[in-house]
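**Student:** Structural data only, the sequence is not supplied:
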């Protein structure tokens with residue numbers, strides 16, 4: 001691996017797809033008021049016309065918001081406990097939100113010509129959050145990686161497959177022409193998040209799996225199915241062997 005290659009890998013700043021927005025305050029007025037949602041774990045539907053801005057208020061400060069929808073389809077940003085979003089094209093997908101206490105929320109966002117969800121307020125769900133915190137109290141980053149590698153869902157964990165996000169979702173989170181990273185699954189725990197990512201070698205030479213080269217804020221643990229990615233296949237036999245790609249498992253606090 002050359003110094004140039006290594007520098008390229010360190011540009012992977014975060015798997016979270018957070019687009020800088022233009023809003024700094026809630027969009028609802030005192031007369032209309034937001035739609036109140038008692039969150040019980042099911043995705044909250046948010047329906048808006050194309051180009052209409054909306055806001056979702058959460059019970060506490062937002063720690064992170066992410067989606068595999070592309071920047072061409074949606075713009076999202078958050079300030080304090082309010083998530084701002086604008087649907088830029090026709091879409092149907094999911095936005096995940098984690099708050100400071102470790103609670104996680106799922107929004108099912110979609111365009112609708114008559115959508116009126118310009119203001120939504122999610123009320124607390126303390127019991128469920130407490131149960132999830134208790135269930136994952138002994139779960140470590142290594143334990144979550146082991147569960148992801150085995151396809152298991154530990155108690156208190158919520159899992160979402162990137163393939164379920166619809167045709168407007170972009171599963172590729174990094175591509176520098178030499179290596180591509182594609183998001184496959186997200187595991188949400190109250191105090192950490194797990195990602196299953198497929199790494200693929202796009203070159204004609206073997207390169208190390210970039211386990212040591214990821215620069216992701218809050219990265220707690222990372223593992224890979226194999227340490228070496230073989231050259232991009234040139235024959236049918238090599239394609240079937242698929243040694244040029246492997247899964248990586250990342251845990252971020």
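**Tutor:** In hand now; what should we look at? Computed from a predicted model, the values in this text were never measured in an experiment. Numbers count the residues shown, from 1 in each chain.
**Student:** Could you list the domains of the chain?
**Tutor:** Domain assignment for the chain, taken from automatic domain parsing, gives 3-13+134-252, 35-124.
**Student:** winner for burial among the ones you listed?
**Tutor:** Each of those was scored by mean neighbour count; the highest is domain 35-124, a mean of 18, by mean count of other CB atoms under 10 Å. Placement of C-beta: from N, CA and C, glycine included.
**Student:** the helices in the stretch 1-150 of the chain, which residues?
**Tutor:** 3-9, 126-135, 141-149 (DSSP state H, counting those that start in this stretch).
**Student:** can you give me how far the last one is from the chain middle?
**Tutor:** To tie it back to what came earlier, the one meant is helix 141-149. Its chain's C-alpha centre and that of helix 141-149 lie 17 Å apart, by CA atoms, centre = their mean, to the nearest Å.
**Student:** and that helix, average pLDDT?
**Tutor:** Helix 141-149 comes out with an average pLDDT of 95.
**Student:** ditto for stretch 152-167
**Tutor:** 74.
**Student:** What are the neighbouring residues in contact with residue 205?
**Tutor:** If you count contacts by CB atoms under 8 Å, 6 or more residues apart in numbering, residue 205 has them with residue 231.
**Student:** ok, it to residue 185 distance?
**Tutor:** Residue 205 is 29 Å from residue 185, where distance means CB to CB, to the nearest Å.
**Student:** and residue 205, how far is that from residue 66?
**Tutor:** Residue 205 sits at a distance of 33 Å from residue 66 (criterion: CB to CB).
**Student:** Check residue 99 too.
**Tutor:** From residue 99 to residue 66 the distance is 13 Å (CB to CB).
**Student:** for residue 250, same thing?
**Tutor:** 13 Å.
**Student:** the strands in the stretch 51-200 of the chain, which residues?
**Tutor:** 53-57, 62-67, 74-79, 82-87, 92-99, 104-111, 119-123, 158-161, 172-175, 179-188, 193-201 (DSSP state E, counting those that start in this stretch).
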